[in-house]
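Peer 1: the sequence and its predicted three-dimensional model are supplied below.
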Amino acid sequence: MNYSEFIDKLTAYEKLMRLDKPIGTLLLLWPTLWALWIAANGQPHPFLVWIFALGTLLMRSAGCVINDWADRDFDPHVARTKDRPLAVGLVSPREALALAAVLTLSAGLLILPIWQDIWLLALVAVFLAASYPFTKRFFAIPQAYLGIAFGFGIPMAFAATTGHVPSLGWAMLGANIFWAVAYDTEYAMVDREDDLKIGIKTAAITFGRFDVAAVMACYVMTLSILAMVGQMLGFGLLYQLGIAVAALIAVYHFSLIRGRDRMQCFKAFRHNNWFGAAIFLGIVAELNLKPLLL
């Protein structure tokens, strides 16, 4: 293999891991950061933040590789995915599996310094990430399963910080499930016609003409659960402001998806980064800025 071919292969691996599309990593990272800051009362150890941030990137990348390996026979028939490395043969199925294994092992090595009981949660997280792509064959709303997989950093963050997962940690996971159904249904609305042709199940297909209403109902449930978590923690105005900003962002998403235009739905999906950021900033402000204002 010459230098040019080597660079082309690295580029194909990069695209297979979605390193050129960081939105997926951010959607995993925000809930993890919510939990880390709450579990540490606003003062998470920098080393722990680094471990979870890098681990999120590695596991998201591994999940993307497994997803494309599982969908390698479907992706060539979908407009948005037909040019992915596996779909066009730039990466072989065997190479993809080897890459996923290396990424997963690397993520596992990161948590070696952390409290040992987090390993059980880590194994569950790996199983969820690896099995999610196959739920699209039989589960009417695979986005709910995705929400568990994408939100499992929440219980892991609590376990790594405090040694256990409190009830509010599981409540936050529930909020993340509703949020994932909301944003990934927006994503699925982009591919609905192609998914119908190839027989993949998605929430956009299951909800049918009620898709927009279902997305907004999921946003309401997400914000309601997070508001309840804030009450459990005794959070005040600064956290509520973060919830309010996130609610306004959800309303903006409604304006984007109500016409069911594919590009507008995709824009709404990508914009969920700001929804997660608003919640995080509310938590940081409540825990780190409020004491300075008193």
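Peer 2: That came through, no problem.
Peer 1: got the contact list for A250?
Peer 2: For A250, the contacting residues are A182, M216, Y219, V220, L223, F275, by Cβ atoms under 8 Å, 6 or more residues apart in numbering. (Glycine included, C-beta is placed from N, CA and C.)
Peer 1: of these - the most surrounded one?
Peer 2: A182 (28 neighbours; other Cβ atoms under 10 Å).
Peer 1: that one contacts A213, doesn't it?
Peer 2: No: if you go by Cβ atoms under 8 Å, A182 and A213 don't touch, sitting 11.4 Å apart.
Peer 1: out of the contacts of A250, list just those in helices.
Peer 2: Those of those mapping onto helices are A182, M216, Y219, V220, L223, F275, per DSSP state H.
Peer 1: export the residues you listed to TSV and append columns for pLDDT.
Peer 2: Listed next are the ones in helices among the contacts of A250 as TSV, based on pLDDT from 0 to 100:
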residue	pLDDT
A182	97
M216	98
Y219	98
V220	98
L223	98
F275	98
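Peer 1: out of these, which is nearest to P31?
Peer 2: Of all the ones in helices among the contacts of A250, P31 sits closest to F275, with 11.0 Å by Cβ to Cβ.
Peer 1: next one: that closest one from A107, what distance?
Peer 2: For F275, the distance to A107 equals 25 Å [Cβ to Cβ, to the nearest Å].
Peer 1: I200 now?
Peer 2: Counting by Cβ to Cβ, the gap from I200 to A107 is 27 Å.
Peer 1: tally of neighbours for M156?
Peer 2: Other residues within reach of M156, judged by other Cβ under 10 Å, total 25.
Peer 1: likewise for G208?
Peer 2: 9.
Peer 1: can you map out the strands along the chain?
Peer 2: Counting by DSSP state E, no segments of the chain form strands.
Peer 1: what residue ranges in it score low on pLDDT?
Peer 2: Within the chain, the segments meeting pLDDT under 70 span 1, 115-117, 291, 293-294.
Peer 1: which residues in the stretch 101-250 of the chain form helices?
Peer 2: Here the stretch 101-250 of the chain has its helices, by DSSP state H, counting those that start in this stretch, at 118-135, 142-151, 153-162, 167-190, 192-198, 203-207, 211-233, 237-257.
Peer 1: who are the contact partners of L36?
Peer 2: Neighbouring residues of L36 by Cβ under 8 Å, 6+ apart: P44, L48, V49, F52, A157, T161.
Peer 1: so the fifth one makes contact with A35?
Peer 2: Yes: here A157 lies in contact with A35, judged by Cβ under 8 Å, at a distance of 3.7 Å.
Peer 1: residues in contact with L27?
Peer 2: F150, A180, Y183, N272, N273, G276.
Peer 1: any chance of those residues in CSV, plus distance to V190 and neighbour count?
Peer 2: Shown next, in CSV, are these (distance: Cβ to Cβ, whole Å; neighbours: other Cβ atoms under 10 Å):
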residue, distance to V190, neighbour count
F150, 18, 32
A180, 16, 27
Y183, 12, 28
N272, 14, 25
N273, 17, 19
G276, 20, 22
